[in-house]
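> Based on what follows, work out the 3D shape:
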Amino acid sequence: MARGSSGFVAGLTAAAIAAVGFLAYQASASVPDSLGKPRVKTSPKPTVPKAPEDKKNVPAALPGDSGTGERVVYALGDDRVWLVGADGKVRRTFEVTPGTVDPAPGTYQVTSKRPSGTGSDGVQVEHIVVFTLQPAVIGFSAAIDGSTSAPDASKKLGGIRESRADGTALWEFTKDGEKVVVVP
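Numbers count the residues shown, from 1 in each chain. Have a look, this model is predicted:
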């Protein structure tokens, strides 16, 4: 190759480098800001996984003025029942759907238990645990069809509904004469 041709090659090389540089500049000008900046690598901070808050499954604290010893505690304001052992420890707690008539706060005793029957609303129920007859027949029961919907507000109904599983637990926990403490 002649000397003149090496100048030509050098010129082509310089032009190619300039063209590549120009194209690189154009490409970098159209890159989003988040992609064009170097990232600083950091170690992730250790985290304690949190369970999603599910208020239905959060155990509620046993009301303070609910007596002592083995008992069933029913909180009118929380629509919740606690089954409390003789040692004062909660064995189970669950939400209930109250009837349209509430018992007055106080201490009662289980007066009767029936394995099944018809509720005052006409629904077939099981595990009926009655603890007062004033101001209406008031007790716990579970609808056989599993429903726990709010009762007809136009009727005087004392049935306190629970799920079938909770109804079974309350049925097995109580005996005639068992203490039932109703708190506001």
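> okay, now the domains of the protein?
3-31, 67-183 (automatic domain parsing).
> Tell me how many other residues surround the nearest residue to residue 176 once chain neighbours are set aside.
Using CB to CB, 6 or more residues apart in numbering and skipping residues adjacent in sequence, the residue nearest residue 176 is residue 110, 5.6 Å away. Backbone N, C-alpha and C define where each C-beta goes, glycine included. Counted by other CB atoms under 10 Å, the residues lying close to residue 110 total 20.
> cool, the one 4 residues further on as well?
Residues lying near residue 114 (other CB under 10 Å) number 14.
> And for residue 112?
12.
> how about the helices in the chain?
3-29, 33-36, 164-173 (DSSP state H).
> helices and strands of the protein: which one bottoms out on pLDDT?
helix 33-36 (a mean of 52; mean pLDDT, DSSP states H and E).
> So what are the sheet partners of the longest strand belonging to the chain and their directions?
In the chain, taking DSSP state E as the definition, the longest strand is strand 124-132. Neighbouring strands of strand 124-132 in its sheet, by DSSP bridges, are strand 112-118 (antiparallel), strand 138-143 (antiparallel).
> quick one: that strand to helix 164-173, angle?
50 degrees (axes from the mean of the first three to the mean of the last three CA atoms, to 10 degrees).
> Tell me which residues of stretch 62-79 come out buried.
Neighbour-count burial for stretch 62-79, counted by 16 or more other CB atoms under 10 Å, picks out 62-63, 66, 70-75, 78.
> Return the subset of the residues you listed lying in strands.
71-75.
> would you list those residues in a markdown table and tack on pLDDT?
As requested, those are exported to a markdown table (pLDDT from 0 to 100):
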| residue | pLDDT |
| --- | --- |
| 71 | 98 |
| 72 | 98 |
| 73 | 98 |
| 74 | 97 |
| 75 | 97 |
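> Show me the two of those that sit farthest apart.
71 and 75 (12.6 Å; CB to CB).
> one step back: tell me the one of the buried residues of stretch 62-79 nearest residue 119?
Nearest member of these to residue 119, counting by CB to CB, is residue 74, at 17.2 Å.
> need the buried residues of stretch 62-79 in TSV with distance to residue 142, can you?
Below are the buried residues of stretch 62-79 laid out as TSV (distance: CB to CB, whole Å):
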residue	distance to residue 142
62	22
63	23
66	23
70	21
71	20
72	15
73	18
74	15
75	19
78	19
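> tell me the contacts of residue 103?
74, 76, 131-132, 134-135, 138, 158, 182 (CB atoms under 8 Å, 6 or more residues apart in numbering).
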